[in-house]
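**Q** model the structure of this input:
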Amino acid sequence: QTRVVESGGGLVQTGGSLRLSCTTSGRTFNEFTMAWFRQAPGDEREFVGGIYWSTNHTAYGDSAKGRFTVTRDSAKNMGYLQMNSLKPDDTAIYYCAVSRGFLGTVRYEYNYWGQGTQVTVSS
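**A** Below you'll find the predicted structure:
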């Protein structure tokens, strides 16, 4: 069993920044993608960005391009989502997820999910 835990959400003003963190425990894989999704009330769960752990390749959803950055620290077994220039539309629950595939952008490609962390951007 693979456990995923994210942290770092909170309340921030428009234009501010937040960094979310994600770590895994339990069964691990040599080749996997760690990704971030978000879901606002009434909306579908949306791909934000992801990183292929072994090669450091990244992919981003349209809403994240130019503002958000996904990184990882293998030594610490930590993945990060750096969010800059935040807007009220970024308000959502952010989820970290793990897939054994390569940079999938669809939620059903991911088998392991964290519990989510709330990000609220005030205007």
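**Q** now residue 6: how far from residue 92?
**A** 13 Å (CB to CB, to the nearest Å). Backbone N, C-alpha and C define where each C-beta goes, glycine included.
**Q** how about residue 66?
**A** In this view, residue 66 and residue 92 are 18 Å apart by CB to CB.
**Q** those two: who's more crowded?
**A** residue 92 (23 against 10; other CB atoms under 10 Å).
**Q** contacting residues for that one?
**A** When contacts are counted by CB atoms under 8 Å, 6 or more residues apart in numbering, residue 92 touches 38-40, 43, 46, 118-119.
**Q** kindly recompute the last result at 10 Å.
**A** 9, 37-41, 43, 45-46, 48, 63, 116-121 (CB atoms under 10 Å, 6 or more residues apart in numbering).
**Q** list the contacts of residue 47.
**A** Residue 47 neighbours (CB under 10 Å, 6+ apart): 35-38, 59-64, 97, 103-107, 109-110.
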